[in-house]
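> Return a 3D structure for these sequence lines:
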Amino acid sequence: PYDPDVVEKSRRRLGHALARMDETLRDGGWLAGDDYSLADIAAAPVVDRIEHLGMADLWDGLSGVGGWVERLKARPAYTRALPRDEHRLPVADPRIRA
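So this is what the prediction gives:
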């Protein structure tokens, strides 16, 4: 069942992780330096899931993360790797979407 306290706790944890990422990404580039790497590839599904859950507001005000998400999504491989809707994990409760 949907537990708003658990969702909020998860949002806070993600927010802290994104804030730490933002420090690295403020000057542009990628998670592990100047070049796109496995670190960025591994994080891409998390970006997609956060957006699918309607929680992209987590990186509002984080210019480094916002720019990184834009660079990540601009890569042709990002779009090709997105799952079809019927293969996505469902949103357990519509109240999760912000």
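> Helices of this protein, residue ranges please.
Secondary structure of the chain (DSSP state H): helices at 4-25, 38-52, 63-74, 76-81.
> could these go into CSV alongside distance to A32, mean pLDDT and mean neighbour count?
Bear in mind the C-beta positions are built from the backbone N, C-alpha and C, glycine included. Formatted as CSV, the helices of the chain follow (distance: least, Cβ to Cβ, whole Å; pLDDT from 0 to 100; neighbours: other Cβ atoms under 10 Å):
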stretch, distance to A32, mean pLDDT, mean neighbour count
helix 4-25, 9, 93, 14
helix 38-52, 4, 93, 15
helix 63-74, 12, 96, 17
helix 76-81, 17, 92, 10
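> residue contacts, L38?
A32 (Cβ atoms under 8 Å, 6 or more residues apart in numbering).
> can you check L31 too?
Contacts of L31 (Cβ under 8 Å, 6+ apart): 21, 24-25, 37, 39-40, 43, 68.
> Name the nearest of the residues you listed relative to R12.
Nearest to R12 out of the contacts of L31 is M21 (Cβ to Cβ; 15.0 Å).
> Looks like that closest one contacts G66 (just checking).
No. With contact defined as Cβ atoms under 8 Å, M21 does not count as touching G66 (10.8 Å).
> Mind telling me which residue is nearest the centre of the chain?
Nearest residue to the geometric centre of the chain (Cα atoms, centre = their mean): V47, 2.3 Å.
> how close does the closest residue to it other than its chain neighbours get to V7?
Nearest in space to V47, with sequence neighbours left out and distances taken as Cβ to Cβ, 6 or more residues apart in numbering, is V69 at 5.7 Å. Per Cβ to Cβ, to the nearest Å, V69 is found 21 Å from V7.
> ok, the residue nearest to the centre of the chain to L31 distance?
Counting by Cβ to Cβ, the gap from V47 to L31 is 11 Å.
> coming back round to it: is it true that the residue nearest to V47 touches A44?
No. Judged on Cβ under 8 Å, V69 makes no contact with A44 at a distance of 9.5 Å.
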